[in-house]
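A.B. asks: 3D model of this:
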Amino acid sequence: MQTKLPASPPSSHEPLQPHSRFGFLLGSVYRQWRRQIDLNFKDLGLSDATRMPLLVLHVQNQALRQKDLAQALYLDSSSLVRVLAQLQKAQLVQWDFDPADRRTKRIALTPAGRKAAALILEKSMEIEQTILADLSANEIQVTRQALEKISGRLESAGQINK
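C.D. replies: Residues are numbered from 1 along each chain as shown. Predicted coordinates for the structure are as follows:
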């Protein structure tokens with residue numbers, strides 16, 4: 001199969017190298033950031049997949065239906081089952097019946113889960129401060145605003161270019 005070349009060279013607005021694309025850079029920063037956090041939590045046996053449900057439950061400060069927890073994590077509910085089973089086996093979460101609907105179970109942190117989530121949050125904030133140490137308060141604010149704007153666009157657009 002022959003590749004068709006563009007009639008004219010790309011403009012300066014079209015980056016030639018994949019590493020110069022915004023999405024590539026954002027993904028690279030995310031992976032490096034996550035690796036730093038993973039290294040710091042390795043001794044606790046907590047991966048990103050097991051840390052995030054604990055943090056969401058901690059921040060929400062209430063039991064959540066599995067569907068709602070999955071939605072908060074941007075996951076399919078069925079993808080969360082294995083992780084929740086691991087967390088339950090580690091006695092970090094428990095299932096309770098929803099008082100409004102006995103057919104529905106709600107996931108809650110156990111006392112050990114609350115303690116683990118607080119530790120995760122504290123250590124994560126320390127790591128974040130270290131990573132962002134070379135940025136000014138203004139740079140952090142501008143970056144946060146830009147990322148929130150991008151996140152909002154992605155959430156409101158659903159899938160762009162379906």
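A.B. asks: so where do the helices sit in the chain?
C.D. replies: Here the chain has its helices, by DSSP state H, at 22-41, 48-60, 66-72, 77-89, 111-131, 137-157.
A.B. asks: How about the shortest one, which residues are buried there?
C.D. replies: Judged by neighbour count (16 or more other CB atoms under 10 Å), helix 66-72 contains these buried residues: 66, 69-70, 72. All C-beta atoms are positioned from the backbone trio N, CA, C, and that covers glycine.
A.B. asks: try the second one
C.D. replies: Of all the residues in helix 48-60, those buried under the rule 16+ other CB under 10 Å are 50-58.
A.B. asks: circling back: out of the helices of the chain, nearest to R103?
C.D. replies: helix 66-72 (12.3 Å; CB to CB).
A.B. asks: so what does that closest one touch, helix or strand wise?
C.D. replies: helix 48-60, helix 77-89, strand 101-109 (3 or more CB pairs under 8 Å, 6 or more residues apart in numbering; DSSP states H and E).
A.B. asks: list the helices and strands the last one packs on?
C.D. replies: The one in question is strand 101-109. The contact analysis (3+ CB pairs under 8 Å, 6+ apart) places strand 101-109 against helix 48-60, strand 64-65, helix 66-72, strand 93-98.
A.B. asks: Switch these over to TSV, and while doing so, append distance to I120 and mean pLDDT to every line.
C.D. replies: Conversion of the helices and strands packed on strand 101-109 to TSV gives the following (distance: least, CB to CB, whole Å; pLDDT from 0 to 100):
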stretch	distance to I120	mean pLDDT
helix 48-60	5	92
strand 64-65	17	91
helix 66-72	16	90
strand 93-98	13	87
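A.B. asks: now the ones you listed in TSV, with distance to R21?
C.D. replies: Formatted as TSV, those follow (distance: least, CB to CB, whole Å):
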stretch	distance to R21
helix 48-60	24
strand 64-65	36
helix 66-72	29
strand 93-98	38
